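Peer 1: My questions are about this predicted structure, shown below with the sequence.
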2 protein chains.
Amino acid sequence: MDTTINKTIRKGSADKRGKIMAAARDLFLSEGFDRSSVDAVAAKAGVSKRTVYDYYGDKQNLLLAVVEETSSAVLVMIEQGISDHLRDFEDLEQSLILFCEQIVASANGSSDYMALIRLVMVEAANLPDSFLERLDNAKEEGIIRRFTEFGQTGLLDVPDPQMAAKHFAALTFLLAFNQPRKTGTWGDEQTKRMITEGVRVFLRAYAPRTG
Amino acid sequence: MDTTINKTIRKGSADKRGKIMAAARDLFLSEGFDRSSVDAVAAKAGVSKRTVYDYYGDKQNLLLAVVEETSSAVLVMIEQGISDHLRDFEDLEQSLILFCEQIVASANGSSDYMALIRLVMVEAANLPDSFLERLDNAKEEGIIRRFTEFGQTGLLDVPDPQMAAKHFAALTFLLAFNQPRKTGTWGDEQTKRMITEGVRVFLRAYAPRTG
DNA sequence: TACAAACTACACTGTACGGTGTAGTATAGC
DNA sequence: GCTATACTACACCGTACAGTGTAGTTTGTA
């Protein structure tokens, strides 16, 4: 989707555009939308404030672009995790753990899932119809597909793959993300243990029935 | 803790104080801290802006009071849910479901857990040392105690009650709260189903070993 | 009724910020 | 060199809002 305003579409450097996006993303995700001034975004991007307005029209539109870009990054990251760990593997438990760890680890970059959710929730009123819902559904899709297959091959007992995906997410990264982080980043030992335990509980509940 | 500023402690109407608190709570939780002006709080409380400042000193301090009050309300609400459903019961599954439904239902009032979490997360930088952590721990305590007992009486197999409490919360209300809500409130059929399924998965994973 | 505390109404200050307008500079293609 | 486009620097406007000061009004109480 094109999020630029009509009046002035700069053709030239997609470079500047990228720098503005990155700066806005960093600031919005860490400081929040209201607390980030356009002046600050411009300064961080190494660009004049006027250029920001020439590219994105107004602050609202910039937010929209940031949310779209970050959503996309999050989805790509999840897809990557699936490719890396849930296509070919030997130990299901170990693979699920690695998958989660990769997701959680990547939340300290341009695809911070939790920061995005927070931003979208707070700013929901000013965003087009339920961005959150779309993101929420899209995020699950890949996992649902894998779980469906696991069900078919008898690796798991999943009568409702969508619900199973929700449960899996809840027990692992959702739990990790909702954990108060002291140091500012995830990835510590406690988080790893939480993921491991979450995966085990999931597998215990969704193990194939042996009867 | 007394959150009033020193200079003028009004003795008279704790009534006004309550009205200001309620107004600030409603506005901060629904609109967010930055988006709520002190003028709006005063108007909603039916009180002059000056009175707000006389009682609470500044906006920051008002936020602090709101967070403390709401935290307290949330904890009381959880304790109430435990008393109502997890002390004496016949069917564990049914009781856990009722417990969760009560928690989720009460999130449309003065003890909106999720709104509080959101507020504290966004405003974390301006709040005393990790309010979030304290709230997070306190919230689990009651549940941990119940699960510990369930473990002792053989109702569940819980080697680590704290982790079990986290898993339970994740599978039920955490999941429900993170669900995008369209209508503005929870409590619909989909939420009920999610709670039911979450409780079942929890019980499947933590059932006593029959071996 | 008299007095003090509680409270309101309101004017006012300072500041931060979204957004615009514009003159001037850099740059690339002709 | 000429010209158009991209961009900066900067002044500027309007507004929203935190917080204060104060004069005057209400209200509880002796």
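Peer 2: Received it, and whenever you're ready, just let me know what you need. Numbering: from 1, shown residues only, chains lettered A, B, ... in the order given.
Peer 1: Point out the residues in chain A that sit beside DNA strand C.
Peer 2: Selection of chain A residues close to DNA strand C by Cβ under 7 Å from any atom of the strand yields A:35-39, A:49-50, A:53, A:58-60. Quick note: C-beta positions are derived from backbone N, CA and C, even for glycine.
Peer 1: one more time with 6 Å, if that's ok
Peer 2: A:37-39, A:49-50, A:53, A:58-59 (Cβ under 6 Å from any atom of the strand).
Peer 1: which among those residues are in contact with DNA strand D?
Peer 2: Among the residues of chain A next to DNA strand C, DNA strand D is touched by A:49-50 when using Cβ under 6 Å from any atom of the strand.
Peer 1: So which of the residues of chain A next to DNA strand C is the closest to B:E90?
Peer 2: Taking Cβ to Cβ as the measure, B:E90 sits nearest to A:K59 out of the residues of chain A next to DNA strand C, at 57.0 Å.
Peer 1: Apply the buried test to the residues of chain A next to DNA strand C and list what passes.
Peer 2: A:38, A:53, A:59 (16 or more other Cβ atoms under 10 Å in any protein chain shown).
Peer 1: start to end distance for stretch A:151-169?
Peer 2: 17 Å (Cα to Cα, to the nearest Å).
Peer 1: re earlier: among the residues of chain A next to DNA strand C, which are located in helices?
Peer 2: Among the residues of chain A next to DNA strand C, the ones falling in helices (DSSP state H) are A:38-39, A:49-50, A:53, A:59.
Peer 1: hmm, which two among the residues you listed are most spread apart?
Peer 2: Farthest apart among those by Cβ to Cβ are A:R50 and A:K59. That separation is 13.7 Å.
Peer 1: Do a quick rundown of the strands in chain A.
Peer 2: In chain A, no strands are defined using DSSP state E.
Peer 1: a markdown table please, covering the ones in helices among the residues of chain A next to DNA strand C and showing distance to B:D88.
Peer 2: Listed next are these as a markdown table, based on distance: Cβ to Cβ, whole Å:
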| residue | distance to B:D88 |
| --- | --- |
| A:V38 | 59 |
| A:D39 | 61 |
| A:K49 | 65 |
| A:R50 | 69 |
| A:Y53 | 64 |
| A:K59 | 56 |
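Peer 1: and A:G109, what is it in contact with?
Peer 2: By Cβ atoms under 8 Å, 6 or more residues apart in numbering or on different chains, the contact list for A:G109 is empty.
Peer 1: That one and DNA strand D: what is the separation?
Peer 2: 25 Å (Cβ to the nearest atom of the strand, to the nearest Å).
Peer 1: repeat for A:M21
Peer 2: With distances taken as Cβ to the nearest atom of the strand, A:M21 is found 13 Å from DNA strand D.
Peer 1: and that residue, how far is that from A:D91?
Peer 2: 39 Å (Cβ to Cβ, to the nearest Å).
Peer 1: next one: A:N108
Peer 2: The gap separating A:N108 from A:D91 is 26 Å, by Cβ to Cβ.
Peer 1: re the thing from before, pick out whichever of the residues of chain A next to DNA strand C sits closest to chain B.
Peer 2: Nearest to chain B among the residues of chain A next to DNA strand C, counting by Cβ to the nearest Cβ, is A:S37 at 12.3 Å.
Peer 1: Quick one: mean pLDDT for stretch A:33-41?
Peer 2: Taken as a whole, stretch A:33-41 carries a mean pLDDT of 97.
Peer 1: So what touches that stretch?
Peer 2: A:20, A:23-24, A:27-28, A:49, A:52-53, A:59, A:62-63, A:119, A:122-123, B:32, B:34-35.
Peer 1: circling back: which of A:M21 and A:D91 has more neighbours?
Peer 2: Between A:M21 and A:D91, A:M21 has the larger neighbour count (other Cβ atoms under 10 Å in any protein chain shown), namely 21 against 9.
Peer 1: tally of neighbours for the nearest residue to that one once chain neighbours are set aside?
Peer 2: Once flanking residues are discounted, A:M21 sits nearest to A:E69: 6.0 Å by Cβ to Cβ, 6 or more residues apart in numbering or on different chains. Per other Cβ under 10 Å, the neighbour tally for A:E69 reads 19.
Peer 1: same question, A:M194
Peer 2: Count around A:M194 with other Cβ under 10 Å applied: 24.
Peer 1: What of A:P159?
Peer 2: The number of residues packed near A:P159 is 9, by other Cβ under 10 Å.
Peer 1: Tell me where chain A is predicted with low confidence.
Peer 2: Along chain A, segments meeting pLDDT under 70 span A:1-14, A:182-187, A:211.
Peer 1: Pop the domain breakdown of it in here.
Peer 2: What automatic domain parsing lists as the domains of chain A is A:1-57, A:67-206.
Peer 1: any chance of those in a markdown table, with distance to B:K16 too?
Peer 2: Shown next, in a markdown table, are the domains of chain A (distance: least, Cβ to Cβ, whole Å):
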| stretch | distance to B:K16 |
| --- | --- |
| domain A:1-57 | 29 |
| domain A:67-206 | 30 |
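Peer 1: from these, which stretch is densest packed?
Peer 2: Highest mean neighbour count of the domains of chain A: domain A:67-206, a mean of 18 (counted as mean count of other Cβ atoms under 10 Å in any protein chain shown).
Peer 1: residue ranges for the helices of chain A, please.
Peer 2: A:14-31, A:38-45, A:49-56, A:59-85, A:92-105, A:113-122, A:131-152, A:161-169, A:175-178, A:189-206.
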